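Undergrad: Just need the structure, nothing else, for what follows:
(chains A and B)
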Protein chains: 2
Amino acid sequence: MSINIGFIKEITPDEKRVALVPESVKKLSDKGFRVFLEKGAGEKARYHDLSYKESGAEILESAKEALSRSQIILKVQPPSPDEIEAINPDSFLIGFLQHYKYPERINMMADKKINAFAMELIPRITRAQSIDALSSQAAVAGYKAAIIAANMSSRFFPMLTTAAGTIRPSRVLVIGAGVAGLQAIATSRRLGAIVEAYDVRKAVKEEIQSLGAKFLESPLVAEGAGGYARELTQEEKDMQHRFMADNIGRADIVISTAQVPGKRAPIIITKDMVEKMKPSSIIIDIAAENGGNCELTKPGEIIDYEGVLIYGPLNLPSTLATHASEMYSKNLLNFLILLTKEGKTLDVDFNDEILLKSCVIFKGEIKI
Amino acid sequence: MSINIGFIKEITPDEKRVALVPESVKKLSDKGFRVFLEKGAGEKARYHDLSYKESGAEILESAKEALSRSQIILKVQPPSPDEIEAINPDSFLIGFLQHYKYPERINMMADKKINAFAMELIPRITRAQSIDALSSQAAVAGYKAAIIAANMSSRFFPMLTTAAGTIRPSRVLVIGAGVAGLQAIATSRRLGAIVEAYDVRKAVKEEIQSLGAKFLESPLVAEGAGGYARELTQEEKDMQHRFMADNIGRADIVISTAQVPGKRAPIIITKDMVEKMKPSSIIIDIAAENGGNCELTKPGEIIDYEGVLIYGPLNLPSTLATHASEMYSKNLLNFLILLTKEGKTLDVDFNDEILLKSCVIFKGEIKI
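TA: I've put the predicted structure just below:
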């Protein structure tokens, strides 16, 4: 008996991604899975029903049908109450679940004995890299943040030598050098900007430099006993504030990406720092989803503060839906292969750390 | 007696550029010119009154005052009837005049004996390169077209190697390899796309290749006797159509820039060619200002034709107002130095080809 996999149109506003792309459907079909989708599920990500059909999927008329005929359901956004209603008990649901935001949906799924795995809880271990959807989508966000900055700016990113003289390149400051920050650095460098980057973790220095950017070294050593951060004195806090203010004030573009898992993003760019920026400067605050790194950020909006444009975009991966879906789909495909041992079983092996840590609900029990 | 130069806020909708930037004002002041501006003239291009003041300019309360106190008036867009009203007889006006679009304004200026020079009529000779505003602004347009394409696309431009597999780079086709086309090629290449370019002039082949793009060679030789293009046979026309359709069909992004001075832009991308494109493809038609290179282009709008987005942006240089103004301002500065012999005279030397060819009105006489 083959395992039935289903996916549907994402109904969350502004979500253009789709859980599986035709290429992944083909691989699953070849492995003996049976794949169902709601018609038009990939439309917004520019994948059409015909491609899915040619890859071996069966197109169904409604989301309800696709959900009720599947043992494994793949999602991008958390399922809505109506969607949960349509899912059979003992099915598996895999996607970004955002359990802290939607506890009532988690309870609803647990009551219905739907087994659920959260893609954002995949542990960041080497073996799980090909499943790490937070990373793949963060790479999209970092790239797109740099492109948006270039599109909003009234200045060139690259240096331009013209018959009438030379245009100076833009100065880009990237705050936070995780996956998103590194892509923002790489993309800004590609476009020819002068790039500086700041991160509290000094370990990222070499990676930043290898991308052609300058690592901004804080004058402070905040490491205390045992490598833990120690409390700063007021004088040290002032010094750190001046250090950030000076660097932010020199930048034409600031892309800020500092996030702490499960917490509000730290405020790094204060109002007085923005006041020191040149008019025509731009701040792209991709931590906006979690409150933002800039004190003035309004999530989802562009605000003009004395000539400085501050934009806190939401759901950046959705704006690059074709490729973001391709990457996410590959993450899901690799997860499915692990979960089902190549399509052979639905007995979950919880000795596997990846499955153990990403499991949110199993047999009616909430695991987190 | 020093020569008075004035510039004002541009009132054409969506025009954010300003004729002079503070750096050029400084150079003119140093040469003995007296510079007036309407307060806030550079605001939209992110140049503030304080910078102008520090560069030696005098800020005046109204456009009328700035216009009436100046012997030379610098503009970006053609002057409005009200502006012409405020200009003194025997003054000089320099800017993009678009005489074919506003013949009544040309007549009005001639009647008032305002001497007028058009920046778009600067001849494209080596000596005039530093004055060539069409080129400087076309460079801005070409850069921005590539950035807009990257921002609108649901795909990455660069190749991306991730733990879950490789993302293929976008294929960009640039049609027309003039100044704008070459900047679009360079910017797309910087971003890591695979770039192909087409131009009827085979002489640009090497320049295209030196930017890392592939020159698409038409299978046709349309050169007739004496180097002139000859009429194509129907069979040859069909062959050329298939050649374009095939190349356009393979592209993720088409940036089209083909323009003929003073004429409607040629239609190069027909509806049936768009129909062969993949959904998720993008056409940026920067010839939209002159009707567009694509049959489906609606100037100023984004249209979705069966999943292909077609955008014909208007006034792209204004969207990069800070740097576009800097470049245009340098062009004007160099023109002023030529016109006035370093600030010494307002007697125009029409033995100079640049002044002769760019002159639209002199002493009440229309020269074009």
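Undergrad: For the stretch 251-368 of chain A, give me the ranges with low pLDDT.
TA: Scanning the stretch 251-368 of chain A for pLDDT under 70 picks out no residues.
Undergrad: and it, which of its residues are near chain B?
TA: A:278-280, A:307, A:319-324, A:326-327, A:330-331, A:334 (Cβ under 8 Å from any Cβ of the partner chain). For glycine as for every other residue, the C-beta is placed from the backbone atoms N, C-alpha and C.
Undergrad: one more time with 10 Å, if that's ok
TA: Residues of the stretch 251-368 of chain A that fall close to chain B, judged by Cβ under 10 Å from any Cβ of the partner chain: A:252, A:278-281, A:307-308, A:318-334.
Undergrad: could you show me where the helices are in the stretch 101-250 of chain A, in order?
TA: A:103-111, A:133-152, A:179-190, A:205-210, A:234-250 (DSSP state H, counting those that start in this stretch).
Undergrad: Among those helices, single out whichever gets nearest to chain B.
TA: helix A:133-152 (4.3 Å; Cβ to the nearest Cβ).
Undergrad: angle of that closest one against helix B:179-190?
TA: 160 degrees (axes from the mean of the first three to the mean of the last three Cα atoms, to 10 degrees).
Undergrad: Render the CA-only coordinates of helix A:133-152 in PDB, please.
TA: The C-alpha trace of helix A:133-152 is given here as PDB (Å, rounded to 0.1, in the frame of the first residue of the first chain):
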ATOM      1  CA  ALA A 133      13.600  25.100   6.200                       C
ATOM      2  CA  LEU A 134      14.300  28.100   8.600                       C
ATOM      3  CA  SER A 135      17.700  28.400   6.900                       C
ATOM      4  CA  SER A 136      16.400  28.000   3.300                       C
ATOM      5  CA  GLN A 137      13.700  30.600   3.800                       C
ATOM      6  CA  ALA A 138      16.100  32.900   5.700                       C
ATOM      7  CA  ALA A 139      18.400  32.800   2.700                       C
ATOM      8  CA  VAL A 140      15.500  34.000   0.500                       C
ATOM      9  CA  ALA A 141      14.700  36.800   3.000                       C
ATOM     10  CA  GLY A 142      18.300  38.000   3.100                       C
ATOM     11  CA  TYR A 143      18.700  38.100  -0.600                       C
ATOM     12  CA  LYS A 144      15.300  39.900  -1.100                       C
ATOM     13  CA  ALA A 145      16.100  42.400   1.700                       C
ATOM     14  CA  ALA A 146      19.100  43.600  -0.300                       C
ATOM     15  CA  ILE A 147      17.100  43.800  -3.600                       C
ATOM     16  CA  ILE A 148      14.400  45.800  -1.900                       C
ATOM     17  CA  ALA A 149      16.900  48.200  -0.400                       C
ATOM     18  CA  ALA A 150      18.400  48.700  -3.900                       C
ATOM     19  CA  ASN A 151      14.900  49.200  -5.300                       C
ATOM     20  CA  MET A 152      13.900  51.800  -2.600                       C
END
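Undergrad: Pull out the buried positions in it.
TA: A:133-152 (16 or more other Cβ atoms under 10 Å in any protein chain shown).
Undergrad: before we move on, what about stretch A:285-304?
TA: Across stretch A:285-304, burial judged by 16+ other Cβ under 10 Å covers A:285-294, A:296-297.
Undergrad: State the distance spanning the first to the last residue of that stretch.
TA: Using Cα to Cα, to the nearest Å, the end-to-end distance of stretch A:285-304 comes to 14 Å.
Undergrad: What score does A:Gly224 have for pLDDT?
TA: You'll see A:Gly224 listed with a pLDDT of 57.
Undergrad: Using TSV, please lay out the helices of the stretch 101-250 of chain A together with distance to B:Lys363 and mean pLDDT.
TA: Shown next, in TSV, are those (distance: least, Cβ to Cβ, whole Å; pLDDT from 0 to 100):
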stretch	distance to B:Lys363	mean pLDDT
helix A:103-111	80	97
helix A:133-152	46	97
helix A:179-190	52	98
helix A:205-210	63	97
helix A:234-250	51	92
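Undergrad: what about the closest residue to chain B within the stretch 251-368 of chain A, how many residues close to it?
TA: Using Cβ to the nearest Cβ, the single residue of the stretch 251-368 of chain A nearest to chain B is A:Ser280, 3.4 Å away. For A:Ser280, the neighbour count with other Cβ atoms under 10 Å in any protein chain shown is 21.
Undergrad: Does it touch A:Ser154 like I think?
TA: Yes. Contact criterion Cβ atoms under 10 Å: A:Ser280 and A:Ser154 qualify, at 5.3 Å.
Undergrad: Spit out the residues that contact these two alike.
TA: Common neighbours of A:Ser280 and A:Ser154 are listed as A:252, A:309, B:45-46, B:321-323 (criterion: Cβ atoms under 10 Å, 6 or more residues apart in numbering or on different chains).
Undergrad: What parts of the stretch 1-150 of chain A come near chain B?
TA: Neighbours of chain B within the stretch 1-150 of chain A, by Cβ under 10 Å from any Cβ: A:16-17, A:23, A:43-48, A:51, A:126, A:128-133, A:135-136, A:139-140, A:143-144, A:146-150.
Undergrad: let's see 8 Å
TA: Within the stretch 1-150 of chain A, the residues that sit near chain B (Cβ under 8 Å from any Cβ) are A:16, A:45-46, A:48, A:129-132, A:135-136, A:139-140, A:143, A:147-148, A:150.
Undergrad: Was I right to think A:Lys75 contacts A:Gln98?
TA: No. Counting by Cβ atoms under 8 Å, A:Gln98 is not a contact partner of A:Lys75; they are 11.1 Å apart.
Undergrad: Name the residue in the two with the higher neighbour count.
TA: A:Lys75 (24 against 14).
Undergrad: show me the contacts for that one.
TA: Shown in contact with A:Lys75 (Cβ atoms under 8 Å, 6 or more residues apart in numbering or on different chains): A:7-8, A:10, A:19, A:93-96.
Undergrad: residues near the residue lying closest to A:Glu236 once chain neighbours are set aside, how many?
TA: Nearest residue to A:Glu236, sequence neighbours excluded (Cβ to Cβ, 6 or more residues apart in numbering or on different chains): A:Leu220, at 5.6 Å. By other Cβ under 10 Å, the residues close to A:Leu220 number 13.
Undergrad: pretty sure A:Leu220 is touching A:Lys237, no?
TA: No. Using Cβ under 8 Å as the test, A:Leu220 is too far from A:Lys237 to be in contact (9.1 Å).
Undergrad: per-domain residue ranges of chain A.
TA: In terms of domains, chain A is parsed into A:4-121+A:321-363, A:139-314 (source: automatic domain parsing).
Undergrad: Tell me what A:Ile269 is bridged to.
TA: A:Cys294 (DSSP bridges).
Undergrad: who are the neighbours in contact with it?
TA: A:175, A:244, A:248, A:254, A:256, A:283, A:285, A:293-296.
Undergrad: A:Phe96 now?
TA: Neighbouring residues of A:Phe96 by Cβ under 8 Å, 6+ apart: A:75-78, A:118-120, A:133.
Undergrad: How about A:Thr161?
TA: A:Ile167.
Undergrad: Tell me what it is bridged to.
TA: A:Thr166.
Undergrad: Tell me how far it lies from A:Ile282.
TA: 24 Å (Cβ to Cβ, to the nearest Å).
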